[in-house]
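*Asks:* Would you be able to build a 3D model of this:
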Amino acid sequence: MSSIVRPTSAQMTRRLIVLASAIFAVVVGQTQVLMGWGQTPAEFSADSDATLRVAGYAFSIWGVIYLGILIYAVRQVLKQTGESLLIHRLGWPSVAAFLGIGWWVVAAAFDWEWATVVLIFASLLVLLVPLLANSGAVRALGRTERDRWMVVWPLALLAGWLTVAAPVNLLTILTGNGDLPTSVSPTVWAMLAIGVVALVALGVTVRLRMLAYALPVAWGLLGAFVAEQERNTPLAYVALAAAVAVLVGAVILTFRLRPGVERPEAA
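*Replies:* Model (predicted):
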């Protein structure tokens, strides 16, 4: 349950930094497109995507993610928002993730390939690790609690999408540089990546017991199915099967399993 303890001055400073980093993450992408410096994220992602690609429409999920992180950040600077356990523990990780996805846009614009890999995987891990570490507190949230919808959901949506985007980013760069190992075919590497993403999505959902993380994963895998249908039919249907497995599995795990008897720890 969310605490009503008012934030200290140090905690309020952290909250303002959260807001600033969220604004940076949202604004930098729009600025890049409007000012036209470097290549767009879509152009970067389309370069050397011969191994695995995701349909362009799937990237529209960023609109939902940006809205979510702004809601998350703005709520924290409101006077009536108490310092709950999850706000406290996820605050600094969210700052790191927001800065990471913002700087990813810059790195992609200037084609700093390996910087994009480091930034996207770091942004994923810095969110996923604390979410899992605090999974008991997440499961203890009531269905109507604000921290559920305004803390966990925005951050889990971002982490879920990055779970798809990170391996696609890596495969794209390895393919473009000719560094993809030749021990198996590129299609097998893509199928392995899809399988790992699906397993991670279900594993995380077992711990969190909510759909927020799995939905963007299923959306991204469906985007891979759409993109690969004409070019690589076997790969497309592996992606479709993974998307269905993630979606159905997440629904079952979320609504059929008991959330448990966890109680949030003291802040």
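
*Asks:* Next, Phe59: phi, psi?
*Replies:* Phe59 has phi and psi values of phi -70, psi -10 when expressed as degrees, to the nearest 10.

*Asks:* Without its sequence neighbours, what residue ends up closest to it?
*Replies:* Leaving aside its sequence neighbours, Phe59 sits nearest to Ala42 (Cβ to Cβ, 6 or more residues apart in numbering; 6.6 Å). C-beta here means a position set from N, CA and C on the backbone, and glycine is covered the same way.

*Asks:* And the one you found, which helix or strand is it part of?
*Replies:* Assigned by DSSP states H and E, Ala42 belongs to helix 41-46.

*Asks:* Flag every buried residue along the helix or strand just after that helix.
*Replies:* For helix 41-46, the succeeding helix or strand toward the C-terminus, using DSSP H and E, is helix 61-76. If you call a residue buried by 16 or more other Cβ atoms under 10 Å, then helix 61-76 has these buried ones: 61-62, 64-66, 68-76.

*Asks:* Put together TSV for the residues you listed, with distance to Gly38 and pLDDT on each row.
*Replies:* Supplementary listing: the buried residues of helix 61-76 in TSV, determined by distance: Cβ to Cβ, whole Å; pLDDT from 0 to 100:
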residue	distance to Gly38	pLDDT
Ile61	22	95
Trp62	18	94
Val64	25	96
Ile65	22	97
Tyr66	20	96
Gly68	26	97
Ile69	23	97
Leu70	24	97
Ile71	29	97
Tyr72	28	98
Ala73	26	98
Val74	29	97
Arg75	33	96
Gln76	32	93
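
*Asks:* where does the stretch 151-267 of the chain dip in pLDDT?
*Replies:* By pLDDT under 70, the low-scoring segments of the stretch 151-267 of the chain are 257-267.

*Asks:* Find the nearest non-adjacent residue to the spatially most central residue of the chain, please.
*Replies:* For the chain, the residue nearest the mean C-alpha position is Ala159 (2.3 Å; Cα atoms, centre = their mean). Excluding its sequence neighbours, the residue lying closest to Ala159 (Cβ to Cβ, 6+ apart) is Leu127, at 4.3 Å.

*Asks:* where's the one you found, which helix or strand?
*Replies:* Using DSSP H and E, Leu127 falls in helix 113-133.

*Asks:* how distant is that helix from the center of its chain?
*Replies:* 9 Å (Cα atoms, centre = their mean, to the nearest Å).

*Asks:* Other residues contacting it?
*Replies:* Contacts to helix 113-133, defined as Cβ atoms under 8 Å, 6 or more residues apart in numbering, come from residues 44, 89-90, 93-94, 96-97, 100-101, 103-104, 107-108, 138, 152, 155-156, 158-159, 162-163, 165-166, 169-170, 173, 176-177, 204, 207-208, 213.

*Asks:* helix or strand right after that helix?
*Replies:* Using DSSP H and E, the helix or strand that follows helix 113-133 in sequence is helix 135-139.

*Asks:* List the buried residues of that following helix.
*Replies:* Ser135, Ala137, Val138, Arg139.

*Asks:* and that helix, what does it pack onto?
*Replies:* Applying 3 or more Cβ pairs under 8 Å, 6 or more residues apart in numbering; DSSP states H and E, we find helix 135-139 packed against helix 85-109, helix 186-208.

*Asks:* can you tell which of those is closest to Pro234?
*Replies:* Among the helices and strands packed on helix 135-139, the nearest to Pro234 by Cβ to Cβ is helix 186-208 (6.8 Å).

*Asks:* And the next helix or strand past that closest one?
*Replies:* Following helix 186-208 in sequence order, the next helix or strand is helix 214-228 (DSSP H and E).

*Asks:* Send over the helix or strand following that next one as CSV, restricted to the C-alpha atoms.
*Replies:* The first helix or strand that comes after helix 214-228 along the chain, using DSSP H and E, is helix 233-255. Provided in CSV are the C-alpha atoms of helix 233-255 (Å, rounded to 0.1, in the frame of the first residue of the first chain):
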residue,chain,number,x,y,z
THR,A,233,8.2,-16.9,-43.5
PRO,A,234,9.6,-19.5,-40.9
LEU,A,235,11.0,-16.7,-38.8
ALA,A,236,7.7,-14.7,-39.1
TYR,A,237,5.7,-17.6,-37.7
VAL,A,238,8.2,-18.3,-34.9
ALA,A,239,7.7,-14.6,-33.9
LEU,A,240,3.9,-15.0,-34.1
ALA,A,241,4.0,-18.1,-32.0
ALA,A,242,6.1,-16.4,-29.4
ALA,A,243,3.8,-13.3,-29.4
VAL,A,244,0.8,-15.5,-28.7
ALA,A,245,2.6,-17.6,-26.1
VAL,A,246,3.7,-14.4,-24.3
LEU,A,247,0.2,-12.8,-24.4
VAL,A,248,-1.7,-15.9,-23.4
GLY,A,249,0.8,-17.0,-20.8
ALA,A,250,0.9,-13.5,-19.3
VAL,A,251,-2.9,-13.4,-19.0
ILE,A,252,-3.0,-16.8,-17.3
LEU,A,253,-0.1,-15.9,-15.0
THR,A,254,-1.7,-12.5,-14.1
PHE,A,255,-5.3,-13.5,-13.6
